[in-house]
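# Fold the stuff below for me.
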Amino acid sequence: MSALIPFNKPYFSGNETSYIEEAVRSGKISGDGLFTKRCQEFFETRYGFSKTLLTTSCTDALEMAAILIDIQPGDEVIMPAYTFVSTANAFVLRGAHIIFADSSANNPNLDVNTLEALITPKTKAIVPVHYAGVACDMPSIMALAAKYNLWVVEDAAQAIESYFDGKPLGSFGHLAAFSFHETKNIISGEGGMLAINDLKFVHRAEIIREKGTNRSKFFRGEVDKYGWVDIGSSFLPSDIIAAFLYAQLENIENIQAKRISLWNRYENNLAIQLKEYGIRIPYLPKYATNNAHMFYLVCQDIEQRSQLIEYLRGRGIQTVFHYLSLDRSPFYADKHDGRILFWSDYYADRLVRLPMYYDLSISDVDKISQCILNFFKNQNKFISNL
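Modelled structure (predicted):
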């Protein structure tokens, strides 16, 4: 049965196609065109990032970060096990050994209290992931990094418009990576961005992004020819992608207001009643804001989650589980140090994501919520009758 309420649906603000046409008519649709510059200026002005560079994906932004901090074979990089594979791949490609941190009991973000014990003389960087756009304890992470002379790369893929005590996520670490994949709050289909907060990386970042050449300097008139000066790859997106993204950025306030209203409706519908059934909803620390990237439930076990997903599918509602712990993945299991990461596995087995996108209606949220409550009510009745 096809989903009547899909898990995700891309949002179009109205100006995407007209801006794409404008980009085409400009005669420059390769990277670093007019709309790329507009987007980068938007992010730098709104969030105070020292420098931003659009990339073809968040994965590319993370790969650039790994090159910029000079990851070498044998270097250790600490990150949560409960994350998307790109977080790890970017550093594994440079030869790093990944040291996985466990999630916290309160939410899937890494447990900051476990980090210091994971640091060794080989540790080169910490990569916190702001899961569901909820802030990690960045001041504590930055303090540890300063103490041990480590780099911090924020994986802020889900964290646009999220803050820690009023400071934007992505502005704490030396570098940060964002995603504009079609499942994110602000989208361009595929797309990402590297935020650079340590200015010493700016010059080399431009080179790495332009296949290892000083082409950006050439087009600014700073050199009379350009050549191959470093390693790099083709990380910059077409200006067509940037044109789509810019239309989204113009509507960021409206998009965020709608998503937050949907998120709040889920919370109002579900929080109290699900607590009676032992089902958890997202937890936000006092220091964190909510960018309404995701609304999820944490079931009691993997069987209950599977039954819930199937129950909702049968009623035309598409829900999905999320990450599997990377320490237990086929590729990295034999490279992991063997520690049991209880909370990472806990979320991997129990977390289910509910539909969340701009065109979702309040009545859709009410329908989804009622179906969820009916499932747990019926399940509870069944257990009571045993």
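
# Mind jotting down where the strands sit in the stretch 51-200 of the chain?
Counting by DSSP state E, counting those that start in this stretch, one finds strands in the stretch 51-200 of the chain at the ranges 51-55, 76-80, 97-101, 123-126, 151-155, 163-164, 167-168, 175-179, 192-196.

# Following the chain onward from the last one, which element is next?
For strand 192-196, the following helix or strand on the C-terminal side (DSSP states H and E) is helix 202-209.

# Buried residues, the top helix by length along the chain. List them.
In the chain, with assignment by DSSP state H, the single longest helix is helix 252-276. For helix 252-276, the neighbour count (16 or more other CB atoms under 10 Å) marks 252, 255, 256, 258, 259, 262, 263, 265, 266, 269, 270, 274 as buried. Bear in mind the C-beta positions are built from the backbone N, C-alpha and C, glycine included.

# what do you get for stretch 208-217?
208, 209, 210, 212, 213, 214, 215, 216, 217.

# and that stretch, average pLDDT?
The predicted model assigns stretch 208-217 a mean pLDDT of 90.

# Over to that stretch now: how far is its first residue from its last?
This stretch, stretch 208-217, spans 13 Å end to end (CA to CA, to the nearest Å).

# residue boundaries of the helices in the stretch 101-250 of the chain?
Along the stretch 101-250 of the chain, the segments classed as helices by DSSP state H, counting those that start in this stretch run 138-148, 202-209, 215-219, 239-249.

# Per-residue pLDDT of residue 224, please?
Residue 224 carries a pLDDT value of 74.

# Return the residues in contact with it.
By CB atoms under 8 Å, 6 or more residues apart in numbering, the contact list for residue 224 reads residue 218.

# re earlier: can you convert the buried residues of stretch 208-217 into a markdown table and add a column each for distance to residue 33?
What follows is these, written out as a markdown table (distance: CB to CB, whole Å):
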| residue | distance to residue 33 |
| --- | --- |
| 208 | 20 |
| 209 | 14 |
| 210 | 14 |
| 212 | 21 |
| 213 | 18 |
| 214 | 19 |
| 215 | 14 |
| 216 | 13 |
| 217 | 17 |
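
# of all these, which comes closest to residue 367?
Of all the buried residues of stretch 208-217, residue 209 has the smallest distance to residue 367: 44.8 Å, by CB to CB.

# I figured the closest one hits residue 237, correct?
No. Taking contacts as CB atoms under 8 Å, residue 209 lies outside contact range of residue 237: 10.1 Å.

# Now for those two: what residues contact both?
residue 55.

# rewinding a little: just say which of the strands of the stretch 51-200 of the chain is most tucked in.
Of all the strands of the stretch 51-200 of the chain, strand 175-179 has the most neighbours on average by mean count of other CB atoms under 10 Å, namely a mean of 29.

# Direction included, what does that strand pair against?
Note on strand 175-179: by DSSP bridges, its sheet partners are strand 151-155 (parallel), strand 192-196 (antiparallel).

# Check what contacts it and list those residues.
Strand 175-179 has contacts (CB under 8 Å, 6+ apart) with 49, 57-58, 61-62, 65, 68-69, 151-160, 169-170, 191-198, 201.

# cool, and stretch 323-335?
Defining contact as CB under 8 Å, 6+ apart, one finds that stretch 323-335 is touched by 81-85, 88, 97-98, 100, 336, 339, 341, 344-345, 347-348.

# Please point out which parts of that stretch sit buried.
Residues of stretch 323-335 classed as buried: 323, 324, 325, 326, 327, 328, 332 (neighbour count, 16+ other CB under 10 Å).

# Hmm, residue 240 is touching residue 24, no?
Yes. In terms of CB under 8 Å, residue 240 counts as a neighbour of residue 24; the distance is 7.3 Å.

# which of those two has more neighbours?
Between residue 240 and residue 24, residue 240 has the larger neighbour count (other CB atoms under 10 Å), namely 20 against 13.

# what's near enough to touch the most centrally placed residue in the chain?
What sits nearest the mean C-alpha location of the chain, by CA atoms, centre = their mean, is residue 157, with 2.2 Å. Applying CB under 8 Å, 6+ apart, we find residue 157 in contact with 58, 84, 86, 129, 177, 178, 179, 181, 184, 192.
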